[in-house]
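>>> from the sequence below, what's the structure:
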Amino acid sequence: MAIPAILKLDAGGLPVGWINWQTAATLYARERVCWEAGQERFAIRGGVNALGVRSCFEIGSIIAVADRSRRFEKGVPLLNNRTLFQRDENLCLYCGNQFPTTQLTRDHVVPVSRGGANVWENCVTACRRCNQAKDDRTPEQAGMKLLAIPFTPNLAEYLILQNRRILADQMEFLRSFAQSGQRERASRRPS
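Have a look, this model is predicted:
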């Protein structure tokens, strides 16, 4: 069985990113792992020493590391089509139909040519037909209703979108952070 990605946290318990088991093993060897969370553990087997004993140690599925990870220092995850389509669950946010990723496009709610930015809050998933129908106009100008408000996923939501093989304990951990982000967005929505 292949070892899935390990969820890396900062020392305060905030999600930072996914790392492979080799990086996790190095962090353990350098004594950089502060604590672990989650129930899953993986045995890493090494070489055989002069006495004929094979080395073995375990790593956790969620580890907190004492380092200076600056990957999410600004708090805004990288926008790319894969995670945008996953955020919108492969739904065209104009017609409401679900499509395979090959039939989806990134649509700028306010077109870039009209000053719209290439940011999470201005980008939605659209099928090719709807994107072409909207053309270089806002949804209002095109007479098209936007079915959901675009948002920037928090770091936990982004990590969920990034990984296709999340273990149950990792998902439970990340969902607790994702739900707090959903509550925060809901409190900012106009009534």
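>>> give me the low-pLDDT residue ranges for the protein?
1, 68-75, 180-191 (pLDDT under 70).
>>> rerun at 80
1, 67-76, 179-191 (pLDDT under 80).
>>> mind checking the backbone torsions on the residue of it most remote from its centre?
Taking CA atoms, centre = their mean as the measure, the residue most remote from the mean C-alpha position of the chain is L51, 45.0 Å away. Geometry field for L51 lists phi and psi as phi -90, psi 0, criterion degrees, to the nearest 10.
>>> contact partners for L7?
P15, W18, G38, S61, I62, I63, L159, Q170, F173, L174 (CB atoms under 8 Å, 6 or more residues apart in numbering). Quick note: C-beta positions are derived from backbone N, CA and C, even for glycine.
>>> sec struct for it, please.
Three-state call for L7 (DSSP: H, G, I helix; E, B strand; the rest coil): strand.
>>> and stretch 97-112, how far apart are its ends?
This stretch, stretch 97-112, spans 25 Å end to end (CA to CA, to the nearest Å).
>>> ok, stretch 98-118 next?
End to end - CA to CA - stretch 98-118 spans 23 Å.
>>> longest strand in the chain, by residue count?
In the chain, with assignment by DSSP state E, the single longest strand is strand 33-48.
>>> how about that one: buried residues?
V33, C34, E36, A37, G38, E40, F42 (16 or more other CB atoms under 10 Å).
>>> ranges for the strands of the protein?
Counting by DSSP E, the strands of the chain are 6-10, 15-19, 33-48, 54-65, 104-108, 123-127.
>>> about what we covered before: now render the contacts of L7 as CSV, adding distance to Q103.
Compiled in CSV, the contacts of L7 are given as follows (distance: CB to CB, whole Å):
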residue, distance to Q103
P15, 32
W18, 28
G38, 37
S61, 35
I62, 36
I63, 39
L159, 26
Q170, 30
F173, 34
L174, 29
